[in-house]
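K.L.:
Using only what follows, build the 3D model:
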Amino acid sequence: MPAVSKGDGMRGLAVFISDIRNCKSKEAEIKRINKELANIRSKFKGDKALDGYSKKKYVCKLLFIFLLGHDIDFGHMEAVNLLSSNKYTEKQIGYLFISVLVNSNSELIRLINNAIKNDLSSRNPTFMCLALHCIANVGSREMAEAFASEIPRILVAGDTMDSVKQSAALCLLRLYKTSPDLVLMGEWTSRVVHLLNDQHMGVVTAAISLITCLSQKNPDEFKTCVSLAVSRLSRIVSSASTDLQDYTYYFVPAPWLSCKLLRLLQCYPPPEDGAVKGRLVECLETILNKAQEPPKSKKVQHSNAKNAILFEAISLIIHYDSEPNLLVRACNQLGQFLQHRETNLRYLALESMCTLASSEFSHEAVKTHIETVINALKTERDVSVRQRAADLLYAMCDRSNAKQIVAEMLSYLETADYSIREEMVLKVAILAEKYAVDYSWYVDTILNLIRIAGDYVSEEVWYRVIQIVINRDDVQGYAAKTVFEALQAPACHENMVKVGGYILGEFGNLIAGDPRSSPLVQFNLLHSKFHLCSVPTRALLLSAYIKFINLFPETKATIQEVLRCDSQIRNSDVELQQRAVEYLKLSSIASTDVLATVLEEMPPFPERESSILAKLKKKKGPGAVSVTDLEDSKREGGELNGGSDRGPDSGAMAASNASTPSPSADLLGIRSAAPIGAAPTSAGSLLVDVFSEAGPAAPSAAVNDDGFLRDLEPTETSDSLLVEGSGDSDSAPPSEDPATLLSEADELLNKFVCKNNGVLFENQLLQIGIKSEYRQNLGRMYLFYGNKTSVQFASFTTTPQLNVQTKPVEPLVEGGAQIQQVLNIECLTDFSEAPLLNIKFRYGGALQNLSLKLPVTINKFFQPTEMTSHDFFQRWKQLSLPQQEAQKIFKANHSMDTEVLKAKLLGLGTALLDDVDPNPENYVCAGVIQTKGQQVGCLLRLEPNGQAQMYRLTLRCSKDSVSMRLCELLAQQF
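P.N.:
As a prediction, the model looks like this:
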């Protein structure tokens with residue numbers, strides 16, 4: 001065997017590498033390389049035929065020279081010739097050279113493909129693996145065209161060795177990623193899925209990577225993998241470390257495979273089969289239990305593997321969002337990690353809890369860790385961990401803890417890293433507005449924000465506080481007084497001067513009665529800041545001065561003197577010069593009435609798309625936890641299912657239609673009427689812009705205290721909420737060929753009976769998200785249409801079949817993009833059928849047409865009513881007619897957990913009455929359904945029987961059709 005030993009050594013290559021390493025300069029290295037290239041070229045062109053060893057040696061030298069950064073323009077044919085060798089080492093070097101140096105446009109590609117085909121059909125496992133590795137490394141479209149149909153056959157063949165199956169699965173994955181249109185599984189689908197049952201763990205590990213990728217693009221074709229994945233995961237989780245000895249990593253059985261299985265399951269909704277779902281829940285519980293066990297090794301590799309599985313399991317629990325017990329347990333487990341000594345674990349725990357905070361079942365559990373998170377924000381050394389702590393505080397915030405969280409964020413801002421200050425400012429501004437209990441606290445918070453971090457307060461933030469002040473009469477005087485006091489500080493940020501100039505120019509008269517804030521004092525205070533400000537701020541102050549002349553005629557002479565000075569009317573800046581000249585002339589020649597007309601108080605601003613949330617989303621960047629996604633599913637107050645005015649303080653709204661809203665009722669501006677031409681509100685929230693190119697709205701767009709959609713009432717009248725077609729001329733036309741209603745339409749509708757936010761529908765092409773809110777008989781619904789593919793949707797239309805005002809959506813939806821549609825709804829009388837939404841678009845030339853039910857049910861128009869025990873049963877007796885009562889006895893469909901039941905009853909929209917029923921196990925609720933024509937009083941009694949796992953649900957309403965409909969809806973929820 002001398003040839004083998006000689007081939008293994010390749011002494012000439014070793015000498016050449018040694019010579020290169022011994023070169024003292026770049027020039028010496030180039031000289032040596034050129035000499036070698038000349039020698040190799042002469043050998044290849046010589047008359048004497050080279051043996052396999054020599055070819056291999058010279059090809060290796062060329063490969064080494066290429067890796068040093070030098071161009072190689074010959075030797076390719078010799079490398080291709082090595083592929084036909086029967087010696088492993090020669091064939092290996094040939095494939096290595098081709099993988100590195102041959103591009104897809106090479107003329108040799110046909111010869112290479114023929115050599116690969118020969119090796120694939122040779123049934124020699126070593127040669128087959130080399131060929132598969134080469135295909136995967138090159139991964140060109142030409143390779144996919146040649147072998148995409150051959151590799152699946154090798155993968156599922158019964159006589160294929162395990163090592164070849166592993167290589168075939170990973171090779172097919174590579175080709176699918178580069179040319180998905182050429183890899184058509186078709187008949188191979190079920191056989192590839194069944195590789196999850198393979199005896200060899202390496203084959204399963206390789207196959208699951210392929211199946212996960214295929215499932216993400218074609219979930220329906222591969223949905224049978226769910227039960228097999230659960231079965232395989234169950235076997236791994238329940239096994240001892242000695243059972244899978246070859247695949248046990250530091251006492252953790254098959255950690256990589258476990259993580260991949262859990263990740264695959266995240267591509268699908270919870271299993272419909274009860275047995276499979278039960279087995280999966282057992283697996284997840286076992287993983288959570290193992291996390292509590294003492295470690296079997298002190299090595300970091302053991303804890304890393306164990307925690308990797310745990311975090312994937314928690315991600316799956318969060319993805320399903322349907323198991324309250326698991327969600328709460330996951331939250332508690334993550335809470336333990338918040339104080340772990342390992343920084344990476346603390347980071348991952350904070351990141352996962354951000355997502356948990358958006359779940360209706362685990363939000364309260366997340367809130368219990370608020371002190372730990374606040375402490376992390378203050379004491380963590382790593383800035384990325386502090387940033388995740390800030391994200392979590394933002395996600396867990398609601399009315400009950402808003403003041404504490406905002407105060408802590410403001411405190412942290414004073415010492416926060418410069419890299420996250422702007423994002424922190426935006427979050428404080430959003431939380432202060434969204435959860436403010438009164439406007440004075442909101443104004444104080446924003447002014448404090450400007451004082452602490454003025455350099456990072458963007459225009460969107462101070463624009464917003466001005467809009468709040470202008471749109472709300474009850475806060476204008478307080479705002480003027482507060483900003484006047486803030487401006488008296490020796491060092492005052494320019495953003496504070498902008499806010500002060502605007503507010504005092506509009507409402508300075510409200511504090512002018514106090515000698516300490518007389519008109520002249522206000523003017524002198526503002527003008528003392530003038531010379532320190534930039535040109536845009538000076539321009540704003542000049543506008544405030546002319547407003548002062550209208551508000552306070554006694555200041556006219558003083559202000560005119562300022563405007564008349566050379567530094568103003570001859571200013572080098574054209575904008576300042578023009579303002580000074582025009583304002584001076586206006587104040588000199590205009591009569592008092594004309595001046596009052598020109599300089600009248602600003603009207604309320606119209607509702608516009610939120611640039612604060614848009615700026616925050618842009619600041620987060622790709623890959624981070626989306627703040628606006630968390631915002632979509634945020635609850636307010638103690639409520640867990642969304643709905644902005646169903647907190648504990650809003651019960652009285654059911655009984656009366658008060659003309660003056662409570663201070664916390666309308667901070668989001670949802671009573672402000674948006675003109676028909678106004679831009680839609682952003683996906684993230686109802687926060688709106690202050691300034692826009694269109695300018696402020698006309699006075700007719702003022703806030704309407706008797707309803708929150710005054711200018712958005714439907715233009716037609718009807719006897720019902722539901723009508724054929726749309727009530728607005730701008731709505732999309734009815735579909736010419738209406739789609740067949742989705743088979744799961746009723747199931748999707750039932751998911752939203754007790755909640756207002758979430759994903760309404762999702763398939764491999766389209767995702768439809770929804771966010772809605774209701775007040776009295778009016779509602780506003782935001783629909784978000786997301787293109788999940790990389791291909792553009794053309795001719796995209798949506799047709800809601802109900803009486804609404806809306807605008808047609810954009811006809812083109814780019815790949816990966818999302819568009820929004822806003823529906824404004826009015827309930828005219830009670831109804832039983834949910835309205836339909838028809839969606840049509842073209843994907844890759846094929847028409848896609850689907851129809852589903854919008855989650856608008858009669859309970860959405862509930863107003864909660866608080867009652868004493870005496871009042872409840874007195875009213876219960878009054879509703880004693882047989883047709884007024886609907887009762888149903890049924891078996892529990894979900895967990896009978898007390899907190900979950902309370903959350904669902906609150907999400908229904910009624911008031912949950914405590915200490916009313918003599919039996920403390922029972923639940924009683926009261927509410928009034930508001931329609932345009934009438935009010936329907938409703939009383940509810942839910943009697944659970946834990947031992948029998950049964951419920952008795954009784955409803956009594958002043959209208960019999962409402963009793964029946966509510967009973968049908970609620971029986972599906974418990």
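
K.L.:
I figured residue 332 was touching residue 356, is that so?
P.N.:
No. Counting by C-beta atoms under 8 Å, residue 332 sits too far from residue 356 to count as a contact (10.5 Å). Backbone N, C-alpha and C define where each C-beta goes, glycine included.

K.L.:
Please enumerate the shared neighbours of those two.
P.N.:
residue 365 (C-beta atoms under 8 Å, 6 or more residues apart in numbering).

K.L.:
higher neighbour count, the two?
P.N.:
residue 356 (24 against 15; other C-beta atoms under 10 Å).

K.L.:
how many neighbours does the residue lying closest to the more buried one once chain neighbours are set aside have?
P.N.:
Using C-beta to C-beta, 6 or more residues apart in numbering and skipping residues adjacent in sequence, the residue nearest residue 356 is residue 362, 4.6 Å away. Residue 362: 26 surrounding residues under other C-beta under 10 Å.

K.L.:
For residue 362, which residues are in contact?
P.N.:
So residue 362 contacts 324, 327-328, 330-331, 356 (C-beta under 8 Å, 6+ apart).

K.L.:
hmm, 6 Å instead?
P.N.:
327-328, 331, 356 (C-beta atoms under 6 Å, 6 or more residues apart in numbering).

K.L.:
same deal with residue 867?
P.N.:
Neighbours of residue 867 in contact, by C-beta under 6 Å, 6+ apart: 913, 926.

K.L.:
distance of residue 370 from residue 434?
P.N.:
17 Å (C-beta to C-beta, to the nearest Å).

K.L.:
of those two, who's got more company?
P.N.:
Per other C-beta under 10 Å, whichever of residue 370 and residue 434 has more neighbours is residue 434, with 21 against 17.

K.L.:
element containing residue 132, please.
P.N.:
helix 125-138 (DSSP states H and E).

K.L.:
An error on my part: the question was meant for residue 193.
P.N.:
helix 189-193.

K.L.:
Next SSE downstream of that helix?
P.N.:
Immediately after helix 189-193, counting by DSSP H and E, sits helix 201-217.

K.L.:
Distance from the chain centre to that next one, please.
P.N.:
26 Å (C-alpha atoms, centre = their mean, to the nearest Å).

K.L.:
Check which element follows it along the chain.
P.N.:
Next element after helix 201-217 (DSSP H and E): helix 225-238.

K.L.:
low-confidence ranges in the stretch 801-950 of the chain?
P.N.:
801-805, 845 (pLDDT under 70).

K.L.:
how about the strands in the stretch 801-950 of the chain?
P.N.:
Here the stretch 801-950 of the chain has its strands, by DSSP state E, counting those that start in this stretch, at 804-805, 818-826, 836-843, 846-853, 862-864, 885-891, 911-913, 923-930, 935-945, 950-957.

K.L.:
Go ahead and name everything in contact with the longest one.
P.N.:
It stands for strand 935-945. With C-beta under 6 Å, 6+ apart as the criterion, strand 935-945 contacts 876, 896, 922-929, 951-959, 962.

K.L.:
where exactly do the helices run in the stretch 351-500 of the chain?
P.N.:
Under the criterion DSSP state H, counting those that start in this stretch, the stretch 351-500 of the chain contains helices at 363-367, 370-379, 383-396, 402-413, 418-434, 439-453, 459-471, 476-486, 494-507.

K.L.:
mind checking which of these is nearest residue 50?
P.N.:
Within the helices of the stretch 351-500 of the chain, the stretch nearest residue 50 is helix 383-396; the backing value is 57.3 Å (C-beta to C-beta).

K.L.:
What angle do helix 402-413 and that closest one make with each other?
P.N.:
Comparing the axes of helix 383-396 and helix 402-413 via axes from the mean of the first three to the mean of the last three C-alpha atoms, to 10 degrees yields an angle of 160 degrees.

K.L.:
picking up where we left off before, are any of the contacts of strand 935-945 buried, and which?
P.N.:
Among these, those classed as buried by 16 or more other C-beta atoms under 10 Å are 876, 923-929, 951, 953-959, 962.

K.L.:
circling back to that earlier point, name the residues of the helix holding residue 132 that are buried.
P.N.:
So helix 125-138, judged by 16+ other C-beta under 10 Å, has buried residues 127-136, 138.

K.L.:
out of these, who's nearest residue 102?
P.N.:
For those, the nearest to residue 102 is residue 138 (7.2 Å; C-beta to C-beta).

K.L.:
How confident was the prediction at residue 372?
P.N.:
In this model, residue 372 is scored at 90, pLDDT.

K.L.:
that older thread, for the helices of the stretch 351-500 of the chain, which one sits closest to residue 51?
P.N.:
Using C-beta to C-beta, the nearest of the helices of the stretch 351-500 of the chain to residue 51 is helix 383-396, at 58.5 Å.

K.L.:
So for that closest one, what gets flagged as buried?
P.N.:
385-396.

K.L.:
can you list these in JSON lines and add pLDDT?
P.N.:
Shown next, in JSON lines, are these (pLDDT from 0 to 100):
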{"residue": "385", "pLDDT": "90"}
{"residue": "386", "pLDDT": "89"}
{"residue": "387", "pLDDT": "87"}
{"residue": "388", "pLDDT": "90"}
{"residue": "389", "pLDDT": "90"}
{"residue": "390", "pLDDT": "89"}
{"residue": "391", "pLDDT": "90"}
{"residue": "392", "pLDDT": "91"}
{"residue": "393", "pLDDT": "91"}
{"residue": "394", "pLDDT": "90"}
{"residue": "395", "pLDDT": "89"}
{"residue": "396", "pLDDT": "89"}
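
K.L.:
And the strands of the stretch 801-950 of the chain: which comes nearest residue 463?
P.N.:
Closest among these, using C-beta to C-beta: strand 818-826, at 21.6 Å.

K.L.:
Could you list every helix and strand in contact with the closest one?
P.N.:
When contacts are defined as 3 or more C-beta pairs under 6 Å, 6 or more residues apart in numbering; DSSP states H and E, strand 818-826 packs onto strand 778-787, strand 804-805.

K.L.:
Comparing the ones you listed, which yields the minimum mean pLDDT?
P.N.:
strand 804-805 - the lowest mean pLDDT of the helices and strands packed on strand 818-826, at a mean of 63.

K.L.:
Next one: residue 826 from residue 779, what distance?
P.N.:
Residue 826 sits 8 Å away from residue 779, going by C-beta to C-beta.

K.L.:
who are the neighbours in contact with residue 120?
P.N.:
By C-beta under 6 Å, 6+ apart, the neighbours of residue 120 are 128, 131.

K.L.:
Relative to residue 136, how far out is it?
P.N.:
Taken as C-beta to C-beta, the span from residue 120 to residue 136 is 13 Å.

K.L.:
quick one, what contacts residue 958?
P.N.:
Residue 958 touches 936-937, counting by C-beta under 6 Å, 6+ apart.

K.L.:
try it again with 7 Å
P.N.:
879, 884, 936-937 (C-beta atoms under 7 Å, 6 or more residues apart in numbering).

K.L.:
ok, and the most crowded of those?
P.N.:
Top of those by neighbour count (other C-beta under 10 Å): residue 936, with 21 neighbours.

K.L.:
Show me the beta-bridge partners of that one.
P.N.:
residue 929 (DSSP bridges).
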